[in-house]
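>>> Using only what follows, build the 3D model:
(2 chains)
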Amino acid sequence: MKFKSITIFLVISSFFLTCILSIWKIMSTLQGLNFTNLNITGVFFNGIILSLLFVLIGNRINHLIKIFSLSLLFSFSYFYFNETSPYWYKFGVFLIILFFTNKLKKYNTKSLTEDFISEKIIFDFITLFGIVFFAFVILFPFYIMLVTSFKTQIALLVNPLDFSLDFSKSLTELFKSYFVIFETYNFSRYILISSAVSIGTVIVTLLFAIPAAYAVARLNFFGKNFLSTSILIIYMFPAIVLVIPLYTVFSQLGLRNSIFGLLIVYTATTLPVAIYMLQGYFKSIPKEIEDAGIMDGQNWFGIILKIIIPLSLPAISSVALYVFMIAWNEFLFSLMFLDNPKSFTLSRAIQYLSGDAETPRQYLMAGSVIVTLPVLFIFIYFEKYLVSGLTSGSVKG
Amino acid sequence: MSNTLSKLEKRTAYTLVLPAVLLVFAIVLFPIFANIWISFKDIELKDIRIPEPRAKKIVKSISDDGSELKVIYKLRNSSLIQEIRNVKFQDKFPKNISLLNLDPRCNFKSKKIICDFGNWEAKYKENFEIILKNINGEKIEKEIIKSQKPILSGKSDNPLVTTNFTLENFKKVFYENNFVELLLTTFYFTFFGTVGAIIFGILAAQLVNQNIQGRSYMRGILLFPYVGPVVALAYTWTLLLDPNSGTLNALLVNFNIIESPINLLGQKYITISVLGFDFKLRLALTTVIFFEIWRYFPLAFLFILARLQAIPKSLYEAAEVDGASPVKKFIHITLPQITAIISILFMIRFIWNFNKFEDIFLLTGGASGTRTLPINVYQQGFAVSDIGMGSAVSIVIVMLLLAFMIIYFKLIGKKANEI
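Numbering: from 1, shown residues only, chains lettered A, B, ... in the order given. Okay, the predicted model is just below:
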């Protein structure tokens, strides 16, 4: 029993160590370090010896002294078996081993005899491994997007693994791609159009959605149930089947290539979500407050304006943020309806840029950074609002 | 009293709801029905422009003192396929001008020339000339003549509203379009994309639901792919996976994991040998599915996490007392609690993945075996310019969707209401 749990502990923990050290090595390779071998077996056996020593030493010496001395020891043995490398890399390895030994804290010869300890070990390390794995897999493309925008096409063709930033260059040199896309490719115009369409969509959607949501939440009328179920069904319906009829009608009405046309479509496609989210919130407002308003002789307009809107500002702002994000990210309709560079949105402009095989990739990535940053900022800043909205069944994708 | 009140309430309700309903009807519901109409018509992209009579005006002086001008109207039918009937033409001139030649089709009266050109067949072209002379022999300002635009009108059929229908489009969809492969690809993509997103969503939710430091940051980071703009993310992935100097291939080659770069998005099949058996894997399709999972597992993660956090802690404590292992706790407590949300997620994601256009379009453009039904709508409608055919494919999509929805409401509609 004890032998089995120790074996599992050793294998799993050193597997975990191997994974983080490999990720660190990969990230360092992308800084231009010339590693050609991940040396997985070496690191793995090192990790087994490290974990074994850790458990054997147990509580005989102070935890801090233990982890520091073990980390130092193993960092040195790691470098003995690996290629020469700069000091920042070595320091990183040391920190990782330090973190790892600290994580081993709760394991000693005694705890390894507990019930279900092997399952607990697996769960423990899979959790750690999972977090590192998910964070890496998610952030890596964003990282590549950002650093590529600071490189040049030629540098990347010479060494596609060197993403190190040359800070000795002047700032204008470093941010060159951004200057170029603003000056040559007219990105300031696209930012303006994208903002205008997105903000316009938010305003128009709210103008239409607030009264409708109020009616659905509060008033009795024929067809109300039908309306609220059809809101959900319409929401499920795909944009791709709307494209051809809208394209033909918009062509004949001259609404293609116009911001107005885009605005109508975005408003109509976001309205069902907006109404659905808002009516849920409106229902939670106590009816007595409105009754007081009716006593004061307010009509529905007054009630919505003076009672409902002030009371549901948090919900309205989260709907507004959503609609903004949907409109800002939207691509299908802008691809179909816009073919004149004068009326491109950001997404469409980037897609247009990529259509020319000659466009250097750093411009494409600089454009991508520009279109991504606003949504990520909004998302991070308002995360709590947005997450509660997401789980209440909104944003489509 | 109460009767009038409820009448008032109804009227108020309709005024409040109507604008939104009308807009959604015009932009969302109308096109779905319009698709049916268009799908039965033999109509191409170039047909949807309504034919117009057009005239380009060119002014030349033909005498030394400038008192005589020649005006050439380059007349044409804008359509290459349709005739325009009963074309009327009209142009104005300043005073004191007479015409030296007058076409029999035209009249010149009180500074206006009015012509009746009759019918123009498709591609019709004509250079129509008139010569102007100032009665007093003074110079005619060319610019004034030029700035006056002629007015043309004519009758033509809007090809969208004619009543000749055909079944050709549907025949082509089912028999000439490689329909079975199209359907299979769509289902592979949809099914594996959905299942993958849910599995990764469960894993991620299980991770974040534990007591770890920086839990809220982790939750935020996990949602990044979902909130980011698809254009930016798809192009970043294309760059990462690029066979020439893409980061992933360069890394794999650098660490000697593969010998030569793999074109992950441009190769239809890859042969993998496992235990001496060769398997053919749809490479590009698999890559696109992985992108799909990467981008949409956050939604599953978020919903499942919300559900996990609502499970009472006492259940786990009781299991602990009974000596249940972590695996048993997961199987007997966690899983039953999340099956309902998983079934809903499965359906929602299934429908949305089924309709996914942007991701595939941006990654492969539908090449190398990644052509799904939505991609086909675009290809038929805009690349091949066969609008009718594109609409027919749209109808197929709508029909399949309706079938999914009926199944959904029959199977798990009740469960959805319980949550």
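>>> Tell me, how many residues neighbour residue 361?
No chain in the question, so chain A it is. 24 (other Cβ atoms under 10 Å in any protein chain shown). All C-beta spots, glycine's among them, are computed from the backbone N, C-alpha and C.
>>> sorry, should have said chain B
Using other Cβ under 10 Å, the number of residues around B:F361 comes to 23.
>>> quick one: it and A:M336, what's the gap?
Applying Cβ to Cβ, to the nearest Å, the value for B:F361 to A:M336 is 11 Å.
>>> Point me to the residue of the stretch 51-200 of chain A nearest chain B.
Nearest residue of the stretch 51-200 of chain A to chain B, counting by Cβ to the nearest Cβ: A:P160, 3.9 Å away.
>>> Now that that residue has come up, it's in contact with B:G246, right?
Yes. Assessed by Cβ atoms under 8 Å, A:P160 is found in contact with B:G246 at 7.1 Å.
>>> need the contact list for the residue of the stretch 151-300 of chain B found nearest chain A.
Per Cβ to the nearest Cβ, B:A232 is where the stretch 151-300 of chain B lies closest to chain A, at 3.5 Å. Residues near B:A232 by Cβ atoms under 8 Å, 6 or more residues apart in numbering or on different chains: A:M145, A:I350, A:G367, A:S368, A:V369, A:V371, A:T372.
>>> A:V243: which of those residues is nearest?
A:I350 (19.9 Å; Cβ to Cβ).
>>> And the host helix or strand of that closest one, what's buried?
Assigned by DSSP states H and E, A:I350 falls within helix A:346-355. Along helix A:346-355, the positions that meet the burial threshold by neighbour count (16 or more other Cβ atoms under 10 Å in any protein chain shown) are A:L346, A:S347, A:R348, A:A349, A:I350, A:Q351, A:Y352, A:L353, A:S354.
>>> quick one: the last one and A:L364 touch, right?
Yes. When contacts are counted by Cβ under 8 Å, A:S354 is listed as touching A:L364 (5.6 Å).
>>> and for the two, which residues touch both?
Taking Cβ under 8 Å, 6+ apart as the contact criterion, the common neighbours of A:S354 and A:L364 are B:Y235.
>>> what pLDDT, on average, does stretch B:397-414 get?
Across stretch B:397-414, the average pLDDT comes to 81.
>>> before we move on, the earlier item: three-state assignment of the residue of the stretch 151-300 of chain B closest to chain A?
Three-state secondary structure (criterion: DSSP: H, G, I helix; E, B strand; the rest coil) places B:A232 in helix.
>>> Give me the neighbour count for the nearest residue to it once chain neighbours are set aside.
Closest residue to B:A232 apart from its sequence neighbours, by Cβ to Cβ, 6 or more residues apart in numbering or on different chains: A:S368 at 3.5 Å. Other residues within reach of A:S368 by the criterion other Cβ under 10 Å amount to 30.
>>> for the chain, what are the low-confidence residue spans?
By default, I'm working from chain A. Counting by pLDDT under 70, the ranges of chain A that qualify are A:1, A:81-83, A:388-397.
>>> meant chain B actually
B:1-3, B:5, B:412-419.
>>> domains in it, as residue ranges please.
With domains defined by automatic domain parsing, chain B comprises B:51-155, B:177-385.
>>> quick revisit: from A:V369, how far off is the residue of the stretch 151-300 of chain B closest to chain A?
Between B:A232 and A:V369 the distance is 7 Å, computed by Cβ to Cβ.
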